[in-house]
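> For reference, the sequence and a predicted model appear below.
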Amino acid sequence: MKFSKSFLPTLKETPAEAVIPSHILMIRAGLVRQLSAGIYTWLPLGYKALRKVMDIIREEMNAIGGQEFHYPALNPKEIWEQTGRVEAFGDIMFHIKNRDYVLAPTHEEIVAWHAKGAVASYKELPQIWYQIQTKFRNEPRPRSGVIRGRQFIMKDSYSLDRSFEDLDKSYEMHDKAYRKIFDRCGLKYFVVGASSGAMGGSKSEEFMVRSDAGEDTVAYCEKCGYAANVEVAQSIAAPAKRHEESKEIYEIHTPGVKSIDELCEFLKIDEHETAKSRIYICDGKPVLVLMLGNDEVNETKLQAALGGNVRPAHPEELKEITGADAGSIGPVGFKHRIIADNLLKDANNLYSGANKNDYHIGGIDLKRDVPQIEYFDLRTVESGEKCVRCNSTLEVFKAIELGHIFKLGTKYSEALGVNYLDENGKEHPVVMGSYGIGVERVLACFLEQNYDERGIIWKKPLAPFNIHLIGLNMKNQTVSETSEQLYKELSSMGYEVLFDDRLDASAGFKFNDADLLGMPVQLIVGEKNLKNGNVEVKIRQSGEKIIVQLSELKDKLK
Ligand code: ATP
Ligand code: MG
Ligand code: MG
Ligand code: MG
């Protein structure tokens, strides 16, 4: 591609609206331009790199037997109502005015809709259906450039299986494919246990890139590899906010988890390991207690913990205290944990330093009296804490979610009636999985990890061009003829060459642009070196410069 004939709008200055490196670089190097908040146009250079990401994704999805679809973004709202997700997505979902349509934020419903009747027999299973397509989400705070768009490209795939064992296989295949994709893209990433959020389902994991620009918080232990999204704790059983009317009550939210059975499946635990929440009145003040197991709470113990007289709250009291029906408070629980209002405060102290090794909370010696407690609350954890699995130091940091894999189970197939017949003619719901990658985030995260003060440092797999050929003074006939000749030859050899053939740009200007655009190899053709039959090769990453004989150039480039 010739620079003089291309739309390559580079900027010298840092754009005012951009704060994080990838956003600044994408604008300065002319990869994207913003149309409106969270809505971006990909310019030719950026789109070329983005297509490389898509090609890698496609190859790896095809390698695990994925079949490429293209589902419509404009969806009848009715289908989304059948799974309860118009409500679950809330304001995030874009609605079409005066029409019963929504713009799809993901495609579980549409896949299930097509699978209904089409995969009628076990013989047609398993299936992996994927697409690379635009999604719409009305993100409240679109920032960080394409990392959080209101319109963005996702690779989403869906597995259809006949059993949970087969789902495990499809999930495993996606896990491996994702690792190959991110490795091939040259990203440094890690995998964390994650919450399934509005998707529902049981197991889910996220592929994360460490970055201060991230909006997720991750707790990570280098020693044992334990890694979790703090969102896990929040969405499973987050005492998300204090109730407005009562300063003493925490409301508990369990999105996507409607029953103890579902909760058990979600947490992969037996019912006897779960806890149930109950509101007690302690010296006239309400407290919320999560209890271990099916045992009734030991009121003496609780009394000691809370330091007062304890009794269960009556239903009318509950209504008065919470301003809501008692039913909206529970049931909820999570493994090996007790959190009561007062206990939580003590827990904060416990983990914030003062008495870190003191497991006495409100009069209870936790280690002695409740040995089964794994007393750990991700919401209060800070870097340097001990943890969860191996008792070595935890690191807590920000991360960007690149991809997310879910074991959905039968939530969507049951809601939409997607069934198959087994060998004996018996009907079962199809077992689904869903797997997403933010295509633009892959590119943005690559940039977050590959730049210096001069600009982008592309590596071969995603570089829009392999070689940036610079004709220094194009008014000089030898320079112009040699560089034109090199452009033709290298292109015909299969190299993707960006040729700075501008007549009126100074050498300094061309060098700055080449470093900003960041192709892996720069080939500099100048009068002085040509006199000795030489050209200069500069490696963008190391800054290393080598003088090479023209006759040896092709060998050197290999
Ligand atoms: P986040 O936690 O960042 O909001 P999410 O958990 O809502 O992401 P998923 O529903 O899991 O996202 O979608 C799959 C993938 O799509 C994500 O892992 C991410 O890479 C990408 N993605 C999600 N939202 C956006 C967005 N607003 N802009 C760009 N990519 C996105
Ligand atoms: Mg989101
Ligand atoms: Mg997320
Ligand atoms: Mg996610």
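Cool, the structure landed. Ligands and ions are numbered 1, 2, ... in the order given.

> beta partners of the residue of the stretch 351-500 of the chain found nearest ligand 1?
Closest residue of the stretch 351-500 of the chain to ligand 1, C-beta to the nearest ligand atom: G438 (2.4 Å). Every residue, glycine included, has its C-beta placed from N, CA and C. Applying DSSP bridges to G438 gives these bridge partners: M154.

> what residues are up against it?
Residues counted as contacts of G438 (C-beta atoms under 8 Å, 6 or more residues apart in numbering) are 147, 152-154, 401-403.

> show me which of those residues neighbour ligand 1.
152, 154, 401-403 (C-beta under 6 Å from any ligand atom).

> In these, which residue is surrounded by the most others?
Tallying neighbours with other C-beta atoms under 10 Å puts G403 at the head of those, with 25 neighbours.

> So G149 sits against R143, correct?
No: counting by C-beta atoms under 8 Å, G149 stays clear of R143, with 10.2 Å between them.

> higher neighbour count, the two?
G149 (24 against 16).

> Could you check how far the closest residue to that one other than its chain neighbours is from E17?
Using C-beta to C-beta, 6 or more residues apart in numbering and skipping residues adjacent in sequence, the residue nearest G149 is G38, 4.9 Å away. The gap separating G38 from E17 is 12 Å, by C-beta to C-beta, to the nearest Å.

> For the two, work out which one has more neighbours and name it.
Remark: of G38 and E17, G38 carries more neighbours, 21 against 12, as counted by other C-beta under 10 Å.

> Distance check, that one against ligand 1.
Computed as C-beta to the nearest ligand atom, to the nearest Å, the G38 to ligand 1 distance reads 7 Å.

> distance of that residue from G533?
Computed as C-beta to C-beta, the G38 to G533 distance reads 53 Å.

> and the most centrally placed residue in the chain, backbone torsions?
By C-alpha atoms, centre = their mean, the chain has its centre lying nearest to E401, at 2.1 Å. Here is the backbone geometry of E401 (degrees, to the nearest 10): phi -80, psi 110.

> Could you do E68 as well?
Given degrees, to the nearest 10, the pair of backbone angles that E68 has is phi -80, psi 130.

> circling back to that earlier point, how about the contacts made by the residue nearest to G149?
Counting by C-beta under 8 Å, 6+ apart, G38 makes contact with 139, 142, 148-151.

> what about 10 Å?
Each residue near G38 by C-beta atoms under 10 Å, 6 or more residues apart in numbering is listed here: 137-146, 148-152.

> Got a PyMOL select line for the buried ones in these?
Buried residues among the contacts of G38 (16 or more other C-beta atoms under 10 Å), as a PyMOL selection:
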select buried, resi 137+138+139+142+143+144+145+146+148+149+150+151+152
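
> least trustworthy position among the contacts of G38, going by pLDDT?
Least confident of the contacts of G38 in the model: R143, at 85.

> Look at it and give its secondary structure.
State at R143, reduced to three classes by DSSP: H, G, I helix; E, B strand; the rest coil: coil.

> For D452, see how far away it is.
Computed as C-beta to C-beta, the R143 to D452 distance reads 24 Å.

> so what sits against both of G38 and E17?
Shared contacts of G38 and E17, counting by C-beta under 10 Å, 6+ apart, come down to 143, 145.

> Show the contacting residues for E536.
Listed by C-beta under 10 Å, 6+ apart, the contact set of E536 reads 470, 472, 522-526, 528-529, 545-548.

> that's a strand at it, yeah?
Yes: looking at E536 with three-state DSSP, it is inside a strand.

> can you pull up the bridge partners for it?
E536 forms beta bridges with I524, I547, as assigned by DSSP bridges.

> Go ahead and confirm R99 touches E78.
No: with contact defined as C-beta atoms under 10 Å, R99 does not count as touching E78 (11.7 Å).

> Please give the element, helix or strand, for D166.
Per DSSP states H and E: D166 is located in helix 164-184.

> before we move on, what about E414?
Secondary structure assigned from DSSP H and E places E414 in helix 411-416.

> Can you point out the buried residues in that helix?
411-413, 415-416.

> taking the residues you listed as a set, which two sit the farthest apart in space?
Greatest spatial distance in the buried residues of helix 411-416: K411 and L416, 9.7 Å, computed using C-beta to C-beta.

> residues from the stretch 301-450 of the chain in reach of ligand 1?
Residues of the stretch 301-450 of the chain found near ligand 1 (C-beta under 6 Å from any ligand atom) are 401-404, 436-438, 440-441.

> picking that back up, from G403, how far out is the residue of the stretch 351-500 of the chain closest to ligand 1?
Remark: distance between G438 and G403 (C-beta to C-beta) = 7 Å.

> Ok, Q127 next?
Distance, Q127 to G403, using C-beta to C-beta: 20 Å.

> Likewise for V497?
Distance, V497 to G403, by C-beta to C-beta: 32 Å.

> Then N98?
Look at N98 and G403: by C-beta to C-beta, they are 36 Å apart.

> what do you get for T478?
51 Å.

> Please apply the same query to F89.
F89 sits 20 Å away from G403, going by C-beta to C-beta.

> before we move on, what about R441?
8 Å.

> Mutual contacts of those two, please.
154, 207.

> and the residue of the stretch 51-200 of the chain found nearest ligand 1, what does it touch?
Ligand 1 sits closest to F152 of the stretch 51-200 of the chain, with a gap of 3.5 Å, by C-beta to the nearest ligand atom. Residues near F152 by C-beta under 10 Å, 6+ apart: 38-40, 105, 134-137, 139, 142, 146, 438-441.

> for E59, same thing?
Neighbouring residues of E59 by C-beta under 10 Å, 6+ apart: 177, 180-181, 184.

> which stretch of helix or strand covers it?
Element membership for E59, per DSSP H and E: helix 44-63.

> between that helix and helix 164-184, how many degrees?
Interaxial angle, helix 44-63 versus helix 164-184 (axes from the mean of the first three to the mean of the last three C-alpha atoms, to 10 degrees): 140 degrees.

> let's have the chain start at 502 instead
Done: numbering now begins at 502, and the last item shifts to helix 545-564.

> buried stuff in helix 545-564?
Residues of helix 545-564 classed as buried by neighbour count (16+ other C-beta under 10 Å): 546-547, 549-551, 553-555, 557-559, 561-562.

> Give me the neighbour count for Y727.
For Y727, the neighbour count with other C-beta under 10 Å is 17.

> Which residues are in contact with I906?
By C-beta under 10 Å, 6+ apart, the contact list for I906 reads 658, 660, 671-673, 675-676, 678-679, 692, 695, 704-708, 934-938.

> And the strands in the stretch 952-1059 of the chain, which stretches?
Remark: strands assigned in the stretch 952-1059 of the chain by DSSP state E, counting those that start in this stretch are 952-953, 956-957, 968-972, 998-1001, 1022-1026, 1035-1040, 1046-1050.

> can I get these in JSON lines with distance to ligand 1 and mean pLDDT?
Formatted as JSON lines, those follow (distance: least, C-beta to the nearest ligand atom, whole Å; pLDDT from 0 to 100):
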{"stretch": "strand 952-953", "distance to ligand 1": "20", "mean pLDDT": "98"}
{"stretch": "strand 956-957", "distance to ligand 1": "20", "mean pLDDT": "98"}
{"stretch": "strand 968-972", "distance to ligand 1": "29", "mean pLDDT": "98"}
{"stretch": "strand 998-1001", "distance to ligand 1": "27", "mean pLDDT": "98"}
{"stretch": "strand 1022-1026", "distance to ligand 1": "30", "mean pLDDT": "98"}
{"stretch": "strand 1035-1040", "distance to ligand 1": "31", "mean pLDDT": "98"}
{"stretch": "strand 1046-1050", "distance to ligand 1": "38", "mean pLDDT": "97"}
